[in-house]
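[1] coords please:
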Amino acid sequence: MFGDTIQLSDGEVQRLVPWQGRPGWRGWALEAFRDFDFMALPWLDLTRAGMVEDDVQCVKISRSRHVLRVGNPVPFGACGKRPVYVKRYLINTPRRRLGNLLSGGKARREFRLGHELIAHGLRTPLPLAYVVGHRNRILRGTADQGFVPAASFLLTLELSNRGSVREWAEDGRTKQWSHFYPSLTQFMALMHARGVYHDDFSAKNVCVAEGADFSAQGGPESVLDRFAIYDIDHGRSYRGRPAPLRLRMVNLYQMIHSLDDTDMSSMNQRRQFVVQYLVASGMRPARDLGLVLRKLNRVSRRKAGRDLFSL
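    Below you'll find the predicted structure:
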């Protein structure tokens, strides 16, 4: 991938080039973001979600990551004014240090995976740049004076949407369209068939895309345009082959479990969703439904300590 050209959604083509923001850090970026200065952002000032400084807002902060939304990235070295999101992954435990040393960094993985998903026709925020500290910086856990412990950074373009599947379920919009959940199961089946596994395929991480139309079932390409997926940091791409059945069952469980107090509260609703997924995947419900329900129950017992289905 690195050194290749990337075609953006507006048709513009940019090359991937080495990131040049600061010494002591390495990474790759699209040309317009090769000088974006991750370290110049007000990380130490925005320490709670919702805090704002100038045009920068803290979206999320936890022990492992810190996410900022930058309304205008130009003052930080970008050559474009569209809003961006910046993730800072902390490398603050021995396990994270080892993982970053062996894999090249979590930000690097998500950068590559994001471009692979887009190449598969899936909607996800476009990765613009990533950087990670040099090996000595990671091993020592050091940082620039007054900054933060060793970290890796990911920059993505903001991808607008019409709300998450969870939000649509909570306010009843899913019930207005008979093709909503058949479209969602077809989207899942296509994602899996193209070798993509999302480690947290819950209703909050799948959003309805701008311009999505649920008035008809639609073909594969139209279904792919109806949803967008977010937070793919632990996802996987099985290049040239479908995602394994055991991981597909995990994704199916995650979506059902995340809606079990709304649209998946009854056994019949959950079973219908599974049948729709089997049909979209080219499986035969009459033959495969029992097997899949048993697998889903095993996943549910492992993660939640209870069965999803009565068999």
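
[2] Against L98, how distant is S266?
    Taking Cβ to Cβ, to the nearest Å as the measure, S266 falls 45 Å from L98. (C-beta placed from N, C-alpha, C; glycine too.)

[3] The two: who's more crowded?
    The neighbour count for S266 versus L98, taken as other Cβ atoms under 10 Å, is higher for L98 (13 against 10).

[4] avg pLDDT for the one helix or strand the more buried one maps to?
    Element membership for L98, per DSSP states H and E: helix 94-103. Across helix 94-103, pLDDT averages out at 66.

[5] just use 53 as the starting number from now, easier for me
    Sure thing, new numbering starts at 53, so read that last one as helix 146-155.

[6] Downstream of it, the next helix or strand is which one?
    Using DSSP H and E, the next helix or strand after helix 146-155 towards the C-terminus is helix 158-171.

[7] which other residues reach that next one?
    Residues from elsewhere that reach helix 158-171 (Cβ atoms under 8 Å, 6 or more residues apart in numbering): 53, 58, 79-80, 139, 141, 148, 151-152, 155, 176-179, 181-184, 204-206, 208, 248, 281, 284-285, 287-289, 291.

[8] Name the residues of it that come out as buried.
    Within helix 158-171, the residues that count as buried by 16 or more other Cβ atoms under 10 Å are 158-170.

[9] Same check on stretch 91-98?
    Buried residues in stretch 91-98, defined by neighbour count with 16+ other Cβ under 10 Å: 91, 93, 95, 98.

[10] what does stretch 110-128 give?
    For stretch 110-128, a neighbour-count test (16+ other Cβ under 10 Å) marks 110, 113, 118-122, 125, 128 as buried.

[11] Make CSV from the buried residues of stretch 91-98 and add pLDDT to it.
    Formatted as CSV, the buried residues of stretch 91-98 follow (pLDDT from 0 to 100):
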residue, pLDDT
M91, 86
L93, 93
W95, 90
L98, 94
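
[12] closest to P70 among those residues?
    Nearest to P70 among those, counting by Cβ to Cβ, is M91 at 16.8 Å.

[13] Check the secondary structure at the closest one for me.
    helix (DSSP: H, G, I helix; E, B strand; the rest coil).

[14] Distance check, it against P75.
    According to Cβ to Cβ, M91 and P75 sit 11 Å apart.

[15] Give me the contact list for stretch 348-358.
    For stretch 348-358, contacts defined as Cβ under 8 Å, 6+ apart pick out 301-302, 304-305, 308-309, 326, 359-361, 363.

[16] same thing but at 10 Å, please
    298, 301-306, 308-309, 312, 322, 326, 359-363 (Cβ atoms under 10 Å, 6 or more residues apart in numbering).

[17] In PyMOL, how would I select the buried members of those residues?
    To isolate the buried members of the contacts of stretch 348-358 in PyMOL, using 16+ other Cβ under 10 Å:
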select buried, resi 301+302+303+304+305+306+308+309+312+322+326+360+361
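
[18] circling back to that earlier point, need the buried residues of helix 158-171 in JSON lines with distance to T237 and pLDDT, can you?
    Below are the buried residues of helix 158-171 laid out as JSON lines (distance: Cβ to Cβ, whole Å; pLDDT from 0 to 100):
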{"residue": "K158", "distance to T237": "30", "pLDDT": "83"}
{"residue": "A159", "distance to T237": "32", "pLDDT": "89"}
{"residue": "R160", "distance to T237": "32", "pLDDT": "89"}
{"residue": "R161", "distance to T237": "28", "pLDDT": "89"}
{"residue": "E162", "distance to T237": "26", "pLDDT": "93"}
{"residue": "F163", "distance to T237": "29", "pLDDT": "94"}
{"residue": "R164", "distance to T237": "28", "pLDDT": "92"}
{"residue": "L165", "distance to T237": "23", "pLDDT": "94"}
{"residue": "G166", "distance to T237": "24", "pLDDT": "94"}
{"residue": "H167", "distance to T237": "26", "pLDDT": "92"}
{"residue": "E168", "distance to T237": "22", "pLDDT": "92"}
{"residue": "L169", "distance to T237": "19", "pLDDT": "94"}
{"residue": "I170", "distance to T237": "22", "pLDDT": "92"}
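
[19] Pull the contacting residues for E210.
    Applying Cβ under 10 Å, 6+ apart, we find E210 in contact with 121-123, 134-137, 177-178.

[20] now with 6 Å?
    Counting by Cβ atoms under 6 Å, 6 or more residues apart in numbering, E210 makes contact with P135.

[21] re earlier: closest one to S274 out of the buried residues of stretch 91-98, please.
    Closest approach to S274 among the buried residues of stretch 91-98 (Cβ to Cβ): L93, at 38.2 Å.

[22] Against N124, how distant is that closest one?
    12 Å.

[23] now swap in M335 and tell me
    48 Å.

[24] can you check R358 too?
    Here the criterion is Cβ to Cβ. By it, R358 lies 48 Å from N124.

[25] What of R300?
    For R300, the distance to N124 equals 41 Å [Cβ to Cβ].

[26] If anything else comes up later, I'll come back, but that's it for now.
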